[in-house]
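Undergrad: Kindly return the folded structure for what I paste below:
(4 chains)
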Number of protein chains: 2
Amino acid sequence: MTITRRERLRTATVSEIKEGARRLLVSGGPQAVSLRAIARDMGMTAPAIYRYFPSLEALIKALADDLIDELAATVTAAGEAAGDDPTAQLGAMARGFRRWSIEHPVEFGLIFGTPNPAFGDLQAECGPEDPGARFGRPYLATFLRLWERSPWPTPPRELMEAHLGPHLEPLWLSQGELPIEVAYTFLSGWSRLYGLVAMEVFNQLRWAVTEPEALFEVELAMFLIQLGAAPD
Amino acid sequence: MTITRRERLRTATVSEIKEGARRLLVSGGPQAVSLRAIARDMGMTAPAIYRYFPSLEALIKALADDLIDELAATVTAAGEAAGDDPTAQLGAMARGFRRWSIEHPVEFGLIFGTPNPAFGDLQAECGPEDPGARFGRPYLATFLRLWERSPWPTPPRELMEAHLGPHLEPLWLSQGELPIEVAYTFLSGWSRLYGLVAMEVFNQLRWAVTEPEALFEVELAMFLIQLGAAPD
DNA sequence: ACTGCGCGCTAACACTGCTTGCATAGTAAA
DNA sequence: TTTACTATGCAAGCAGTGTTAGCGCGCAGT
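TA: A predicted model of the protein is given here:
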């Protein structure tokens, strides 16, 4: 079970390749990520990379996986740094998500943007360990804690169970049983957070708003109030 | 001012090129759109296309522009077919947006997805005739009609003017003066619509929901009720 | 009839992902 | 220590890409 020298070198090389890929991604966009460029940057030749990844697509996929973990860790840390109040935690996590996304727009695009068939359909497999599930878990956990402490108003339970209930099996499977009110509020909140941040990162709001942060803060405040937080 | 034969042929060729590009885009994703493939499909050679577009990037941009117009027309038509009630119109326009997006996922990605630097920063220019503005206008007009007929509850006006007001100049510029309540509700609603549809098209919901339409309908109903529509 | 512009072609350059075959260096067993 | 093996790198090459340069043909206007 000891780690041999070769394994150590190998994982180091794998990391170096992914780092190079990310550097190129950030500096030149997705099109700039080429095997030959990565290899050139690390003083290798392109075919050598095939000893570590079966294809460029697989490399990008591995990189995207790392990025999801990085984002999830950032969001979780933001929540933990926000004290004990679950609504404060949710606010901090939402802001953490937005901040990371704005500071890493190209990485955001890789994770949450157009699923490029050539860059691999990152959403092909969707078992309980789907990237989305890994990323949504901390949010869901916080919603659940808040719900158990003090429920908030939602649409009538029967209505949600009739319309939404039959289509939530994947969620139950990956996150365990949850009150449907929590599931609905999470999905609603997550789609609103995603929409606002994606529009900002993808420059889809510039024609209307100069400072998307203002809109974000208003929306966040409204959402948290709906969850029972005290207004500002 | 008459249209010469040459001009007629030229615009026909331009259309044929864009049609070929779209065909390739739909069948093989963004990566499949290559000058040589387009030219091959229409019995030409690649360099000939440079007589019509200065680069592949410009071609894609022109195509995206056409697609935005197609989508805007679809949405407007859906609204007009929904009768006189503005809330019904808004519902129909939202459903129209979702339907077109789902039926044309790759085109949706080109318009609203990751702004690929290599495919042109479609959001670089943002005057009053920005694509987003052209697309948002029909929605805004309908929101305004509804507001004048019967306002709905919103956050306090002073609060919105303090936080949002200073950052809405582009919106005023492109759409004229509007009550800030209308501007806010439009932006909020548009980001929610975008978020939900983008997540569905980009397969970002499959880990949680099998039938995103159900979630969409619930959210739409909640939003319209908030606007004063009668619940189902 | 002649001039010029519009348009399409071939050839070429500099890239890309990926495969094949060969050499080398490090590891592990005899 | 010697032998066998495996992991890793390389050069060469294939098929494809966007783009440029230069040539030639034919339609359009004078």
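Undergrad: can we go C-alpha only for contacts and neighbour counts from here?
TA: Noted.
Undergrad: What is the neighbour count of A:Arg51?
TA: With neighbours defined by other Cα atoms under 10 Å in any protein chain shown, the count for A:Arg51 comes to 10.
Undergrad: Quick check: A:Glu103 vs A:Phe97, distance?
TA: Remark: distance between A:Glu103 and A:Phe97 (Cα to Cα, to the nearest Å) = 10 Å.
Undergrad: between the two, which one's more packed in?
TA: A:Phe97 (20 against 11).
Undergrad: mind listing the helices for chain A?
TA: Applying DSSP state H to chain A gives helices spanning A:5-28, A:35-41, A:56-80, A:86-103, A:105-112, A:131-149, A:157-163, A:169-175, A:180-201, A:212-226.
Undergrad: Which of these sits closest to B:Leu59?
TA: Closest approach to B:Leu59 among the helices of chain A is made by helix A:5-28 (20.7 Å; Cα to Cα).
Undergrad: list the buried ones in the closest one?
TA: Residues A:Val14, A:Ile17, A:Lys18, A:Gly20, A:Ala21, A:Arg22, A:Arg23, A:Leu24, A:Leu25, A:Val26 are the ones in helix A:5-28 that count as buried (16 or more other Cα atoms under 10 Å in any protein chain shown).
Undergrad: quick one, what contacts the third one?
TA: It stands for A:Lys18. When contacts are counted by Cα atoms under 8 Å, 6 or more residues apart in numbering or on different chains, A:Lys18 is found next to A:Leu59, A:Leu63.
Undergrad: what's the spacing between it and A:Ile60?
TA: 8 Å.
Undergrad: With the fifth one instead?
TA: The span separating A:Ala21 from A:Ile60 equals 8 Å under the rule Cα to Cα.
Undergrad: Stretch A:195-212: end-to-end distance?
TA: Start-to-end, stretch A:195-212 (Cα to Cα) is 12 Å.
Undergrad: what stretches of chain A score poorly on pLDDT?
TA: Scanning chain A for pLDDT under 70 picks out A:1-3, A:117-128, A:231-232.
Undergrad: distance of whatever residue of chain A ends up closest to DNA strand C from DNA strand D?
TA: Closest residue of chain A to DNA strand C, Cα to the nearest atom of the strand: A:Ser34 (2.7 Å). To DNA strand D, A:Ser34 is 11 Å away according to Cα to the nearest atom of the strand, to the nearest Å.
Undergrad: count of neighbours near that residue?
TA: Number of residues near A:Ser34 (other Cα under 10 Å) recorded here: 15.
Undergrad: next one: the one 3 residues further on
TA: The local packing count at A:Ala37 equals 17, with neighbours defined by other Cα under 10 Å.
Undergrad: do A:Ser191 as well
TA: Using other Cα under 10 Å, A:Ser191 has 24 neighbouring residues.
Undergrad: so it makes contact with B:Gly189?
TA: No - taking contacts as Cα atoms under 8 Å, A:Ser191 lies outside contact range of B:Gly189: 11.8 Å.
Undergrad: how about the residues of chain A that lie near DNA strand D?
TA: A:6-7, A:9-10, A:13, A:43-49, A:51-52 (Cα under 7 Å from any atom of the strand).
Undergrad: Redo the residues you listed as TSV? Include distance to chain B.
TA: Output for the residues of chain A next to DNA strand D, formatted as TSV (distance: Cα to the nearest Cα, whole Å):
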residue	distance to chain B
A:Arg6	37
A:Glu7	34
A:Leu9	34
A:Arg10	31
A:Thr13	29
A:Gly43	26
A:Met44	26
A:Thr45	24
A:Ala46	21
A:Pro47	22
A:Ala48	25
A:Ile49	22
A:Arg51	25
A:Tyr52	24
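Undergrad: So which of the residues you listed reach DNA strand C?
TA: A:Arg6, A:Ala46, A:Pro47.
Undergrad: quick one: stretch A:68-79 near chain B?
TA: No - shown here: stretch A:68-79 not in contact with chain B (Cα under 8 Å from any Cα of the partner chain), separated by at least 13.0 Å.
Undergrad: Report the backbone C-alpha coordinates of that stretch in CSV.
TA: Output of stretch A:68-79 as CSV, limited to C-alpha atoms (Å, rounded to 0.1, in the frame of the first residue of the first chain):
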residue,chain,number,x,y,z
ILE,A,68,-16.6,21.7,-9.4
ASP,A,69,-14.9,20.5,-6.3
GLU,A,70,-13.1,23.8,-5.9
LEU,A,71,-16.3,25.8,-6.3
ALA,A,72,-18.2,23.5,-3.9
ALA,A,73,-15.4,23.9,-1.3
THR,A,74,-15.5,27.7,-1.7
VAL,A,75,-19.3,27.8,-1.2
THR,A,76,-19.2,25.5,1.8
ALA,A,77,-16.4,27.6,3.4
ALA,A,78,-18.4,30.8,2.8
GLY,A,79,-21.4,29.2,4.5
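Undergrad: what about that stretch, distance to the chain center?
TA: Centroid separation for stretch A:68-79 versus its chain: 8 Å, with Cα atoms, centre = their mean, to the nearest Å.
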